[in-house]
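**Q** Build me a structure from this.
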Amino acid sequence: MNTAQLLEDGFGRVVDSVERTLDGLDETQLTYRPTPEANSIAWLVWHLTRVQDDHLADAFDVEQVYTTQGFAQQLGECFPHEPGDTGYGHSAEQVAAVRSPAELLSEYLQAVHAQTVALTADVTDADLDRVVDERWDPPVTLGVRLVSVLDDDLEHAGQAAYLRGILPST
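**A** The predicted structure is shown next:
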């Protein structure tokens, strides 16, 4: 297994986990929050997809799927937010506002995954040392950014799966 294959497998696991979680859920289930301050499945899936889209587009200097493929507009019709919003620092009210059909969340995730696979298809070990963000000390390399996004995505996918497991019976 090479670096690109490792990344494809890792990001593919995010998609697999999220798709299992979304399968068959309606809007009430997607927006369920066990406490008023908790995140919902819809918010978690939207957020993890936005972060992957935003961070990888930045690291590879390409446009985000969110804006180029119309997802900002489509999801903007579901809940109010700015196109550059990734969910960081959202209030409980902003989390509650994230409402979207599972199908649209899945379509966005699949589109981001396709771009991620394309962007990382030729990544080599040597590429991982390329600095992609100098705003930090030490500067962030491509390898650190990719692992960070993958870690964040898997954590949020796990949280969404947990929420599905505790959904109230109807």
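**Q** Spell out the residue ranges of the helices in the protein.
**A** For the chain, applying DSSP state H gives helices covering 3-22, 27-30, 41-60, 65-68, 71-76, 92-97, 102-120, 142-165.
**Q** Of all the ones you listed, which one is nearest Asp85?
**A** helix 41-60 (7.3 Å; CB to CB). (Each C-beta comes from the backbone N, C-alpha and C, glycine too.)
**Q** Quick check: buried residues in that closest one?
**A** For helix 41-60, burial by neighbour count (16 or more other CB atoms under 10 Å) applies to 41-57, 59-60.
**Q** Let me know the angle separating that helix from helix 142-165.
**A** 170 degrees (axes from the mean of the first three to the mean of the last three CA atoms, to 10 degrees).
**Q** which strands and helices sit next to helix 41-60?
**A** For helix 41-60, the contact count by 3 or more CB pairs under 8 Å, 6 or more residues apart in numbering; DSSP states H and E identifies helix 3-22, helix 27-30, helix 65-68, helix 102-120, strand 131-133, helix 142-165 as packing neighbours.
**Q** which regions of this structure lie under the pLDDT threshold?
**A** 170 (pLDDT under 70).
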